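>>> coordinates only, sequence not included:
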């Protein structure tokens, strides 16, 4: 099964909610499912899952930074979100990789893993609001924010949102 990759769709970085108020079918969206996706005061609700770098809060955003010697791998923050199998969910995120550099040009990404499949990613030097959908195959998904980058690189993440498509 191919994993969809969506990029550069939607309003500019900084929007409080990148998704329109109605779905393409006109049914709208359910309530917000992400805890602290706007990072207003801290990174609460997100867990250090794996990393060769650091996650920190900076001016209302999550900052993922590589160690001075480089990540050589990834820095990952995770949130487990409850979903319902068979339902479709819309995901959006503001990714700012303008200060990131990675050997494979995948500077920063938000991925849905576990019981769903979606990757939203920004390449080296890119920023924007990234939007996509997935259909859940179980009762929870891993919402992962990942950066893999060179020494001194960093990325900002904000406005992470996941809502059921009604």
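Happy to help now that I have it. In this text the structure is predicted, and so the values were computed from the model without any measurement.
>>> So which residue is smack in the middle of this structure?
Centroid check for the chain by C-alpha atoms, centre = their mean gives residue 110 as the closest residue, at 3.0 Å.
>>> Test my guess that that one contacts residue 145.
Yes - Residue 110 is within contact range of residue 145, at 5.4 Å (criterion: C-beta atoms under 8 Å). C-beta coordinates here come from the backbone N, C-alpha and C atoms, glycine included.
>>> which residues are common contacts for these two?
Counting by C-beta atoms under 8 Å, 6 or more residues apart in numbering, the contacts common to residue 110 and residue 145 are 93, 157, 160.
>>> Lowest-confidence one in those residues?
Lowest pLDDT among these: residue 157, with 91.
>>> need the contact list for that residue.
Going by C-beta under 8 Å, 6+ apart, residue 157 touches 39, 61-64, 93-96, 108, 110, 145.
>>> same deal with residue 112?
Going by C-beta under 8 Å, 6+ apart, residue 112 touches 89, 91, 118-119, 134, 141-144, 162.
>>> Identify each buried residue in the one helix or strand residue 79 maps to, please.
Using DSSP states H and E, the secondary-structure element containing residue 79 is strand 75-82. Along strand 75-82, these residues count as buried under the neighbour rule (16 or more other C-beta atoms under 10 Å): 75-79, 81.
>>> a markdown table for those, including distance to residue 43?
Shown next, in a markdown table, are those (distance: C-beta to C-beta, whole Å):
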| residue | distance to residue 43 |
| --- | --- |
| 75 | 12 |
| 76 | 13 |
| 77 | 7 |
| 78 | 12 |
| 79 | 10 |
| 81 | 16 |
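>>> Name the member of those with the shortest distance to residue 128.
The shortest approach to residue 128 among the buried residues of strand 75-82 belongs to residue 77, at 19.7 Å (C-beta to C-beta).
>>> Make sure the closest one is actually in contact with residue 147.
No - in this structure residue 77 lies outside contact range of residue 147 using C-beta under 8 Å: 9.4 Å.
>>> can you put the contacts of residue 157 in TSV and add secondary structure and distance to residue 123?
Below are those laid out as TSV (DSSP: H, G, I helix; E, B strand; the rest coil; distance: C-beta to C-beta, whole Å):
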residue	secondary structure	distance to residue 123
39	coil	22
61	strand	19
62	strand	19
63	strand	18
64	strand	15
93	strand	15
94	strand	15
95	strand	10
96	strand	12
108	strand	9
110	strand	14
145	strand	16
